[in-house]
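Chemist: prediction below, plus the sequence it came from.
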Amino acid sequence: MDKKVYEYEKEIQPKSAPHVIEWAVKEFGAENIAFATSLGAEDQVITDMLLKISRDVEIFTLDTGRLPQETYDTIEATRKYFKTDIQMLYPDNKELEKMVTEKGPDLFYESIENRKLCCNIRKVKPLKKKLKNFKVWICGLRKKQVVTRINLNKIEWDHKFKLIKINPVIYWSESDVWDYIHKNSIPYNQLHDQGYTSIGCAPCSRSIKPGEDFRAGRWWWEQPEQKECGLHWKAEKLTGNSE
Ligand code: SF4
């Protein structure tokens, strides 16, 4: 599979983001592709591009139960603006109940282990269950976002979830993203206007200060190389650890 993905990578390398999506729909079939959106700026760009190409690719998001109200507002605005459904994924109720009962609602502040447990139950497990039904998933990751994403490619084999992962805007800059959003008048999360560059769950996201790293507002109490929730981790070369 890695060899095949390497060939795909050569084929799509010169293609623009919408052309990569168009290529993927033709190559794999819309019914085999899922787009995971966090409703962040990059994902709003991809939603716009994708829906102009196909309305048959499933768009889903992980509702962890701890999202900021502004993200729910963005889900509503996006549904209405694009006239599209967004599939909502939820954690397993029993696992969630056990975790919160035993460790408390704000366990993630206590240790990296607790934080990873919470991300695993609220995000990774529901995602893993979902992706079993697909051959390809599309993500809005950019290399320039953070140190843990420098090894990502436009297309790659996702060893964790065992399917192909396509990152159409991987080489985009932040200003490319915002130029696209403003030019196309796409709805976006209002927290971006309050200094939030990367938006996840409410208790684990904050705005950043001038000069801070793009992802400084996520799990700000942890070291930069530890800041992934387990969905996009590919930092083996940095840490020797894939979790
Ligand atoms: S981002 Fe925070 S609240 Fe959300 S799943 Fe991870 S640890 Fe839990």
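Modeler: Sure thing, it's come through.

Chemist: got the phi and psi for the residue located most distally from the centre of the chain?
Modeler: In the chain, the residue that sits farthest from the middle, by Cα atoms, centre = their mean, is residue 102; the gap is 28.6 Å. Main-chain torsions, residue 102, degrees, to the nearest 10: phi -80, psi -30.

Chemist: where does the protein dip in pLDDT?
Modeler: Residues of the chain that meet the criterion pLDDT under 70 lie in 1-3, 146-150, 225-230, 232-243.

Chemist: repeat that with 90
Modeler: Per-residue confidence for the chain (pLDDT under 90) gives these ranges: 1-4, 6, 143-153, 210-218, 220-243.

Chemist: what about the strands in it?
Modeler: Secondary structure of the chain (DSSP state E): strands located at 33-36, 58-62, 87-89, 136-138, 155-158, 163-166.

Chemist: report the distance from the longest one to the chain centre.
Modeler: I take that to be strand 58-62. Mean-position distance between strand 58-62 and its chain equals 10 Å (Cα atoms, centre = their mean, to the nearest Å).

Chemist: contact partners of that strand?
Modeler: Under the criterion Cβ atoms under 8 Å, 6 or more residues apart in numbering, residues 33-39, 47, 50, 75, 84-89, 122-123, 126-127, 130, 134 lie in contact with strand 58-62. The way it works is simple: take the backbone N, C-alpha and C, and place the C-beta from them, glycine included.

Chemist: list buried residues within those.
Modeler: Taking 16 or more other Cβ atoms under 10 Å as the criterion, what is buried in the contacts of strand 58-62 is 33-39, 47, 50, 75, 86, 89, 122-123, 126-127, 130, 134.

Chemist: which ones, among those residues, also lie beside the ligand?
Modeler: With Cβ under 6 Å from any ligand atom as the criterion, the subset of the buried ones among the contacts of strand 58-62 in contact with the ligand comprises 122-123.

Chemist: just give the closest residue to residue 153, not the sequence neighbours.
Modeler: Here the nearest residue to residue 153 in space, its sequence neighbours aside, is residue 9; by Cβ to Cβ, 6 or more residues apart in numbering that works out to 5.9 Å.

Chemist: what comes up buried for stretch 58-70?
Modeler: Buried positions in stretch 58-70, judged by neighbour count with 16+ other Cβ under 10 Å: 58-64, 66-68, 70.

Chemist: what does the protein put close to the ligand?
Modeler: Near the ligand, when you scan the chain using Cβ under 6 Å from any ligand atom, you find 64, 66, 108, 115, 118-119, 122-123, 200-201, 203-204, 229.

Chemist: quick one: the residue farthest from the centre of the chain from residue 108, how far?
Modeler: As for residue 102, its distance to residue 108 is 14 Å (criterion: Cβ to Cβ, to the nearest Å).

Chemist: separation between residue 111 and residue 103?
Modeler: Distance of residue 111 to residue 103, given as Cβ to Cβ: 10 Å.

Chemist: those two: who's more crowded?
Modeler: Looking at residue 111 and residue 103 with other Cβ atoms under 10 Å, you find the greater number of neighbours at residue 103, namely 15 against 11.

Chemist: contacting residues for that one?
Modeler: Contact criterion Cβ under 8 Å, 6+ apart gives 110, 114, 117 as the residues in contact with residue 103.

Chemist: which of these fall within helices?
Modeler: 114, 117 (DSSP state H).
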